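A.B. asks: Got a predicted structure plus its sequence, pasted below:
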Amino acid sequence: MLNRSLTLKLWLLAIVLAKALPMNSPAYGQIIQPFPQQPESFQERMRQQQEEQTQQTQEQLKDTWLRLNLQQPQLQQQQNIQQQEFTRQRQELIRQQQFRLQQQETRLQQQEFTRQQQLRIQDQQLRQDQQIRQQQQFRLQEQRRQQELRQQNNL
């Protein structure tokens, strides 16, 4: 597609230059409206000069067209290499992002595990505290009961 577009632009440039160059030359008006007093050789020289200019322009256009067509595969190859490099960099970036996400997920899992462990430890401590309180309450009750019994026996 790029090749077709380039070729079309070159042909349009060739047509414009082929038409524009002879009209812009100083002799153009003399060729179109020759003076009757001018000798035939002068008109012939002007015509030859215009033909030479046209031929030169055509050769320059041909050289430019050939140069561009020869450069086109190199440009295409360079674009392919750039595209491959871009794709490689994009894939590397995606891989790095995935790695960071995995690391973050691992950290979150570790934090959750640590939190669960802390909750288990707290729960265990609460149960132990409850047991200790219950034992203390039981001892206190037992002591009171014993004391009441002693008081009753002492009476």
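C.D. replies: Structure's in. What do you need?
A.B. asks: what about residue 134, which SS state?
C.D. replies: Secondary structure for residue 134, judged by DSSP: H, G, I helix; E, B strand; the rest coil, is helix.
A.B. asks: Burial check on it, number of neighbours?
C.D. replies: 10 (other Cβ atoms under 10 Å). In short, each C-beta sits where N, CA and C put it, glycine included.
A.B. asks: Likewise for residue 3?
C.D. replies: Residues within reach of residue 3, counting by other Cβ under 10 Å, total 13.
A.B. asks: Looking at residue 25 now. What's its pLDDT?
C.D. replies: Confidence at residue 25, expressed as pLDDT, is 57.
A.B. asks: What of the one 3 residues further on?
C.D. replies: Model confidence at residue 28, given as pLDDT, is 50.
A.B. asks: for residue 47, same thing?
C.D. replies: At residue 47, the pLDDT value in this model is 85.
A.B. asks: What of residue 78?
C.D. replies: In this prediction, residue 78 carries a pLDDT score of 83.
A.B. asks: Pull the contacting residues for it.
C.D. replies: Residues in contact with residue 78, defined by Cβ atoms under 8 Å, 6 or more residues apart in numbering, are absent; none qualify.
A.B. asks: try it again with 10 Å
C.D. replies: With contact set as Cβ atoms under 10 Å, 6 or more residues apart in numbering, residue 78 has these partners: residue 71.
A.B. asks: For residue 10, see how far away it is.
C.D. replies: 20 Å (Cβ to Cβ, to the nearest Å).
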